[in-house]
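Peer 1: Kindly return the folded structure for what I paste below:
(chains A and B)
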Amino acid sequence: MDANQFLDIFLEETNEHLENLNNCLLQLEKRPEDSELLDEVFRVSHTLKGMAGTMGFGKMAELTHQMENLLDEIRKKRVEVDTSLVDILFECLDGLQEFVNQIAETGTEGSRDTGALVSRLRNKLSPENGTANTEGISGSRLELELNDHETLVIGSAKQQGFNCFIIRVTLNKNCMLKSARAFLVFNTLEKKGDIIKSIPGVEDIEDEKFDRTIKLVLITQREMDEICNSLLSISEIEEVDVQEAVQPEDIDNFHLENRQADSPAGAVVSKERGIKNVTGKTVRVDIDRLDNLMNLVSELIIIKTRLEESKENGGKANTGEALEYLERIITNLHDAVMKVRMVSIERVFNRFPRMVRDLSKDLGKNTQLYMYGVETEVDRTVIDEIGDPLIHLIRNSIDHGIEQVDERRRKGKPAEGKIVLRAFHDGNTVVIEVSDDGRGIDLAKIADKAVKSGLYSQQQVEDLAEDELMELIFSPGFSTAGKVSDLSGRGVGLDVVKTKIESLGGMVEVESVPGEGSKFIIRLPLTLAIIQALLVVVGEETYAIPLNSIKEIITMEQSVVKNVQSREVVLLRGDILPLIRLDKELGIERTADSDKEMTIVVVKKGEKLAGVVVDKLLGQQEIVIKSLGKYLAGIRFIAGATILGDGKVSLILDINPFL
Amino acid sequence: MADYQFVIFKIDDREFAVDINKVNTIEKIPCITRVPGAPYFVMGVINLRGEVIPVVDTRKRMDMNSKPFDEESRIIIINLEDCVVGITADSATEVLSVGEELIDRDFATTGAKDDDFIEGVARLDQRIIVILDINKLLRTA
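Peer 2: I've put the predicted structure just below:
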């Protein structure tokens, strides 16, 4: 079977299940008695087992199988849910996630060994259940020579969640009809599963060419005890020894090799897929939205016919009306397509409860995460990018913000620290807030640090306004954490967050009340794909400047340009505005006309301003951002490209390096 | 013996070959937008049916004299592993099957700059066709 075509679906669904599992486990830790939750966890791991088995991912199936065993015991109230148990389950989850990531990258499970985890799972099983196992283990291991084919069968059976037992049946010394008893043994076992091997062979048994023992290999869905008991109920049986068949360690490799030998073509395919990232990015879309899209497209077809008709008739009035109609459809279409690309921010937020739990455990703090507005929809491109900055901020809050429990008590705060993650729409932007009720940001400390690290002099720092001082935490290499921890304090945190958010066309602010907590506010555009831009001409070339980075447009005489420290500047309402000559910066060929008036586009980044000198303004336009691609990645001054109405490519200026 | 299929293109009167599996399409020269700050041999970007594709000036890349485009000039769109790039050519005229036995992979290097990009040389009758290692030709670093 070529499973590759199902790989994408498998990965997508597995990820969804893992996410679900994660949520359930988190809740289970809080409400261990909730049987519905437990059932859900059980269901999910069962589904995962089935899916992994079907796709031939044996290790995943084995891991989930053991998880299921443990969960089953919990369901039967034989094992208590406690933190250590949840920890193990979380570890399993991580293990599964790693498998899935590995599969996504290479198409195979990789070589990660989960043996230790599996055996810990086994240990967690209660003693009652353990008896059957110990019985088997205490006796000498049953050895059975298996040929390659049989090993393979056992391996794949295990992957599919079947049990594999090696059974030794010893008949009574006085047994008269050995073959008849043996037949009964076979018969009983065939009802429970499949016998894949017997020693001695079936013919020898029929001819009574054997001593008193028969060894069998059984593949079954039944449990060990059941098999054991059913065999013991046959008369004239002296002893029954059932053991789990041990898988040779290299079974998985062996299995793989075998498959490759079977179908060299298949192996090549998987290899090729291994090089590339096997999975594409997908978005789940509500069917209503697709219907809406379909409707709009059919309207487009109608309008096309209408335009054709009006062209034949040569009627001008009709054309105008049709064009207006067309414009409306296109606007709607744009909206509809954007909606298709929208994903609820839950996808990003989902991983945080777990992170907060683990982090606060590591740091010995008591923190609770509250999330609001998880249903807020954001463009897919934003979703992919926003995760890391948020992780940074949340880590920051836990590490720096939230105090240790005793410190909180002293301050009269509730022992449990609170981190609030909130997302909502605000006009054309999405706002994501990360706030905590920790110790807040100490401005004096920032000032102190700023002076010590040599960024500012004492005098300068004293002159800075409060918000300017606060801004400093975003500067590179800045950290007020007393000691460097594993998590933060290395000063690479907040400036990275800021750069990332700004590269997404957003901004980040911080508000803080000392002693009461701090709040980081991220503002992001709804989508990154389509923006408003100003088209400008320099020399022969046309560039687009994103409108959100433009403050104003002014004209000035050449003569007012002054040189300050070999930089050209002009005075704009009393403030110094550095000038940027695009022709020089971008190497554009252009004949200098020194006497003409200059058109200056004043661009801003935060509070900083600069004047970009252009030859001509073409006007404002909605542009679709296209990436320049990997081949031309990392080119300064250029943020991307767009295709203009005439089919020509125009580059989008990145003003950040100018400022 | 396995035959290789190549797209043959010309620069001046030299003939070059690229593996046909790597070739996406062959296009006439559209309007090319210069990209400031790009590697010296990147002419700019073009709009290929809604995608922005970088174009490499093959002459510049191989240290040959530049020549304005004419009616025959083409851009050969190449699929690399993770991106699509165009290369310019004076003309792209044929697809050729070449048997392995005709390809000389151990040709003596001449020390010229374009040696780096040469994967082999195919000799057919009177023609000598240089087979390009397209990955090396387009490598930016």
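Peer 1: Pairing partners for the lowest-mean-pLDDT helix or strand in chain B, with directions?
Peer 2: For chain B, counting by mean pLDDT, DSSP states H and E, strand B:103-104 ranks last in confidence among helices and strands (a mean of 78). Note on strand B:103-104: by DSSP bridges, its sheet partners are strand B:118-124 (antiparallel).
Peer 1: could you point out which element follows the strand it pairs with?
Peer 2: Going down the chain from strand B:118-124, the next helix or strand is strand B:127-132, by DSSP states H and E.
Peer 1: Would you mark the buried spots in that following strand?
Peer 2: Across strand B:127-132, burial judged by 16 or more other C-beta atoms under 10 Å in any protein chain shown covers B:I129, B:V130, B:I131, B:L132. To be clear about C-beta, it is placed using only N, CA and C from the backbone, and glycine gets the same treatment.
Peer 1: name the helices or strands packed onto the helix or strand hosting A:L393?
Peer 2: Applying DSSP H and E as the criterion places A:L393 in helix A:380-396. Packing partners of helix A:380-396 (3 or more C-beta pairs under 8 Å, 6 or more residues apart in numbering or on different chains; DSSP states H and E): strand A:342-344, helix A:346-349, helix A:352-363, strand A:417-426, strand A:429-436, helix A:493-503, strand A:517-525.
Peer 1: who's in contact with the one residue sitting closest to the centre of chain B?
Peer 2: Among the residues of chain B, the one closest to the centroid is B:I87, at 5.4 Å (C-alpha atoms, centre = their mean). For B:I87, the contacting residues are B:V18, B:V55, B:V56, B:T58, B:R61, B:I75, B:I76, B:I78, B:I134, B:L137, B:L138, taking C-beta atoms under 8 Å, 6 or more residues apart in numbering or on different chains as the criterion.
Peer 1: From the residues you listed, which land in helices?
Peer 2: In this view, the contacts of B:I87 that belong to helices under DSSP state H are B:T58, B:R61, B:I134, B:L137, B:L138.
Peer 1: Around chain B, pick out the residues from chain A.
Peer 2: A:275-276, A:541, A:585-588, A:626-632, A:635-638, A:641, A:643, A:647-651 (C-beta under 8 Å from any C-beta of the partner chain).
Peer 1: from the middle of its chain, how far away would the helix holding A:L393 be?
Peer 2: The chain centre lies 10 Å from the centre of helix A:380-396; the measure is C-alpha atoms, centre = their mean, to the nearest Å.
Peer 1: swap in stretch A:545-554?
Peer 2: 35 Å.
Peer 1: can you list the buried residues of strand B:127-132 in a markdown table and add pLDDT and distance to chain A?
Peer 2: Putting the buried residues of strand B:127-132 into a markdown table (pLDDT from 0 to 100; distance: C-beta to the nearest C-beta, whole Å) gives the following:
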| residue | pLDDT | distance to chain A |
| --- | --- | --- |
| B:I129 | 86 | 26 |
| B:V130 | 87 | 23 |
| B:I131 | 87 | 22 |
| B:L132 | 85 | 17 |
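Peer 1: ok, of those, which one's closest to A:L293?
Peer 2: Nearest to A:L293 among the buried residues of strand B:127-132 is B:L132, at 43.6 Å by C-beta to C-beta.
Peer 1: So that closest one sits against B:F16, correct?
Peer 2: Yes: in terms of C-beta atoms under 8 Å, B:L132 counts as a neighbour of B:F16; the distance is 5.5 Å.
Peer 1: re earlier: other residues contacting the helix holding A:L393?
Peer 2: By C-beta under 8 Å, 6+ apart, helix A:380-396 touches A:281, A:283, A:341-343, A:345, A:347-348, A:351-352, A:355-356, A:359, A:369, A:378, A:419, A:421, A:430, A:432, A:434, A:487-488, A:493-494, A:496-497, A:500-501, A:504, A:508, A:520, A:522, A:524-529.
Peer 1: just the buried members of the residues you listed?
Peer 2: A:341-343, A:345, A:347-348, A:352, A:356, A:359, A:369, A:378, A:419, A:421, A:430, A:432, A:434, A:487-488, A:493-494, A:497, A:500-501, A:504, A:508, A:520, A:522, A:524-529.
Peer 1: now, among the contacts of B:I87, which is nearest to chain A?
Peer 2: B:L138 (7.5 Å; C-beta to the nearest C-beta).
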